[in-house]
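# Need coordinates for the below:
(one chain, ligands or ions: 1)
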Amino acid sequence: MAAEIINGKELAQQLRTEMKDEVVSLKNDGIHPHLTVVLVGDNPASKSYVRGKEKACLETGISSDLIELPTTITEEELLNQIDQLNDDHSVHGILVQLPLPEHINEQKVIEAIRPEKDVDGFHPVSIGRMMTGMDTFLPCTPYGILTMLQSKDIEIEGKHAVIVGRSNIVGKPVGQLLLNNHATVTYCHSRTQNLKQYTNQADILIVAVGRANGIDASYIKEGAAVIDVGINRLKDGSLTGDVDFESVAQKASYLTPVPKGVGPMTITMLLKNTIKAAKGIENSEG
Ligand SMILES: Nc1nc(=O)c2c([nH]1)NC[C@@H]1CN(c3ccc(C(=O)N[C@@H](CCC(=O)O)C(=O)O)cc3)C=[N+]21
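Below you'll find the model as predicted:
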């Protein structure tokens, strides 16, 4: 079987066009969606992602600004900055680019963001609401993955979803989101013994481990839908996923590429959450 490739870039473009119209109508009602991105330090990968977010905002008519802070900033100064943004009524969404420098407690920073402005969906309130099936900001990468599966009418209900990776930003929440959509979910991670015995049972396989091309066809059940969340930069500067694309494409029914897969969808769901924040849905529902 040759897999159908799910082009995340194309789907992202399509969704952004739809959102553009929504932003126009919001502006007609006097609501101007605005995202503020906070970037600490000068990690080149972070800078590149942040540029992608700015470009996407521009495309959609969402205004955005970037607050760049030096690596030497103290935790207290960063928390003060977030407080200011919390109180600023023109700011609907706040995104603090991760990772943060070692001397800053990431969890503390995430918790400082008002849940109503938590467009990343990383705040414990957002996570708790997602876990209990309430209306909330869904974390962008899991939300993007769900949207990709739904765009191809890939059945989730009753299917076995296997997640490889248990990070707070991808692995754990994507499993929860698939569970909310009635999948049977198995979590695997670095200490899982005999990983293949699980992945070989997956109807839907989500790979988010951060090891280039580690998952080859021998890990795949014939006809599985495979989502590659890995972003690994090779020595020659090119990007590659966690999945061995060539071999897995021979066995899976659907496969997401890297680049042009989950990445552009992550950014698109951030835009969606920013529009949601601007509409204040989070305040009025659930
Ligand atoms: N608070 C926070 N929220 C995040 O959402 C967040 C973060 N911190 N830290 C880093 C990760 C990573 N991330 C990506 C977003 C887009 C692409 C993306 O668009 N990638 C393109 C390629 C871009 C390139 O060529 O470099 C693609 O896959 O086609 C990748 C990665 C968001 N993250």
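
# what about residue 16, helix or strand, and which?
For residue 16, the host element (DSSP states H and E) is helix 8-28.

# Packing partners of that helix?
Contact analysis of helix 8-28 by 3 or more C-beta pairs under 8 Å, 6 or more residues apart in numbering; DSSP states H and E lists helix 44-60, helix 140-151, helix 262-279 as its packing neighbours. Any C-beta I mention is one placed from the backbone N, CA and C, and that applies to glycine too.

# got those as JSON lines, with mean neighbour count and distance to the ligand columns?
JSON lines is the format used below for the helices and strands packed on helix 8-28 (neighbours: other C-beta atoms under 10 Å; distance: least, C-beta to the nearest ligand atom, whole Å):
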{"stretch": "helix 44-60", "mean neighbour count": "16", "distance to the ligand": "5"}
{"stretch": "helix 140-151", "mean neighbour count": "23", "distance to the ligand": "5"}
{"stretch": "helix 262-279", "mean neighbour count": "24", "distance to the ligand": "2"}
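
# Would you reformat the ones you listed as TSV and include mean pLDDT and distance to residue 129?
TSV is the format used below for the helices and strands packed on helix 8-28 (pLDDT from 0 to 100; distance: least, C-beta to C-beta, whole Å):
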stretch	mean pLDDT	distance to residue 129
helix 44-60	96	24
helix 140-151	98	13
helix 262-279	98	13
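
# thinking again about what came up before, can you list contacts of the helix holding residue 16?
With contacts defined as C-beta atoms under 8 Å, 6 or more residues apart in numbering, helix 8-28 is touched by 32-33, 56, 59-62, 144, 147-148, 151, 256-257, 259-265, 267-268, 271-272, 275, 278-279.

# Kindly report the same for stretch 195-206.
Contacts of stretch 195-206 (C-beta under 8 Å, 6+ apart): 145, 149, 154-156, 159-165, 170-171, 174-175, 178, 183, 186, 188, 192, 215, 218-221, 223-227, 229.

# and with 7 Å instead?
145, 149, 156, 159-164, 174, 178, 183, 186, 188, 192, 218-221, 224-227, 229 (C-beta atoms under 7 Å, 6 or more residues apart in numbering).

# Pull up the gap between residue 147 and residue 118, please.
With distances taken as C-beta to C-beta, to the nearest Å, residue 147 is found 19 Å from residue 118.

# Near the residue lying closest to residue 273 once chain neighbours are set aside, how many other residues are there?
Leaving out its chain neighbours, the residue that sits closest to residue 273 by C-beta to C-beta, 6 or more residues apart in numbering is residue 119, at 4.0 Å. Other residues within reach of residue 119 by the criterion other C-beta atoms under 10 Å amount to 29.

# pLDDT score assigned to residue 119?
As predicted, residue 119 sits at a pLDDT of 98.

# The protein against the ligand: which residues are in contact?
48-49, 52, 95-98, 120, 140, 231, 239, 258-261, 263-264, 266-267 (C-beta under 6 Å from any ligand atom).

# just to confirm, which helix or strand has the residue nearest to residue 273 in it?
Going by DSSP H and E, residue 119 is not in any helix or strand.

# and it, what does it touch?
Contacts of residue 119 by C-beta under 7 Å, 6+ apart are 35, 93, 94, 95, 137, 270, 273, 274, 277.

# biggest separation within the residues you listed, which pair?
Across the contacts of residue 119, no pair lies farther apart than 35 and 137, at 12.4 Å, counting by C-beta to C-beta.

# Same drill for those two, tell me which one is more crowded.
Taking other C-beta under 10 Å, residue 35 and residue 137 do not tie; residue 137 has more neighbours (30 against 27).

# Nearest residue to that one in space, please, no chain neighbours.
residue 121 (4.2 Å).

# Roughly how far does that neighbour sit from residue 213?
Note on residue 121: its distance to residue 213, by C-beta to C-beta, is 29 Å.

# Neighbour count: those two, which is higher?
More crowded of residue 121 and residue 213, by other C-beta under 10 Å: residue 121, with 24 against 19.

# Report the secondary structure state of that one.
Secondary structure, DSSP: H, G, I helix; E, B strand; the rest coil: residue 121 is coil.
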